[in-house]
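>>> Sharing a model prediction with you, sequence too.
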Amino acid sequence: MSPFFSYSAEMINVIKSTFSKSGHEGDFSWMITQPHHARTLFIFNDNEGEFYAHFKGGQHSCSSGGGNAAIRPYQCKPEPRAVGIPTGTYEQGPHYKGYSSLDEQVTRAIADSISQIDALLATGRYTDLAFSWNDERQNSVENFSILHKSCVITSLTKSLK
């Protein structure tokens with residue numbers, strides 16, 4: 001059993017997904033509609049405001065975002081297929097448009113997103129977990145180097161090697 005999750009890591013196939021072009025593997029908007037990904041939970045980059053609006057059940061539209069956040073509406077389905085992981089804020093400050101350090105705010109946001117992922121995976125509805133990957137940057141979530149430093153995501157990515 002994983003020290004971070006309430007299920008065995010052997011139960012979940014982790015997919016390091018690299019975007020190369022639309023309509024192919026790596027394009028979350030396309031992948032999420034494919035029958036062979038029917039039991040895949042997709043992790044997309046989200047902004048902290050949208051993440052917490054959904055996480056806390058606040059007012060939000062569940063509208064598509066940019067990049068892989070185009071799949072945001074899938075987190076609002078009765079059986080979610082996607083979950084956001086915050087990568088920064090749109091509020092002025094040190095984390096505007098990207099987390100700049102692993103401070104208390106960022107640690108809390110990551111922990112909250114991991115708990116949401118954990119709860120969804122624990123339902124047993126998913127056999128796969130897909131997240132953006134860039135081999136050149138060795139980032140587990142595209143353009144989000146601080147998350148790579150998270151022991152949870154580092155644990156996930158080590159299991160892939």
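Looks like it arrived, so ask away.

>>> in the helix ranked longest in the chain, what's buried?
As assigned by DSSP state H, the longest helix anywhere in the chain is helix 104-121. Across helix 104-121, burial judged by 16 or more other CB atoms under 10 Å covers Gln105, Val106, Ala109, Ile110, Asp112, Ser113, Ile114, Gln116, Ile117, Leu120, Leu121. C-beta coordinates here come from the backbone N, C-alpha and C atoms, glycine included.

>>> Farthest pair within the residues you listed?
The largest distance within these, taken as CB to CB, falls between Gln105 and Leu121 and amounts to 24.8 Å.

>>> which residues in the protein form strands?
13-17, 40-46, 82-86, 128-132 (DSSP state E).

>>> okay if I get these as JSON lines plus mean pLDDT and mean neighbour count?
Shown next, in JSON lines, are those (pLDDT from 0 to 100; neighbours: other CB atoms under 10 Å):
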{"stretch": "strand 13-17", "mean pLDDT": "88", "mean neighbour count": "17"}
{"stretch": "strand 40-46", "mean pLDDT": "92", "mean neighbour count": "25"}
{"stretch": "strand 82-86", "mean pLDDT": "91", "mean neighbour count": "25"}
{"stretch": "strand 128-132", "mean pLDDT": "90", "mean neighbour count": "21"}
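
>>> Tabulate the ones you listed (TSV), appending distance to Gln92.
Listed next are the strands of the chain as TSV, based on distance: least, CB to CB, whole Å:
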stretch	distance to Gln92
strand 13-17	32
strand 40-46	19
strand 82-86	16
strand 128-132	26
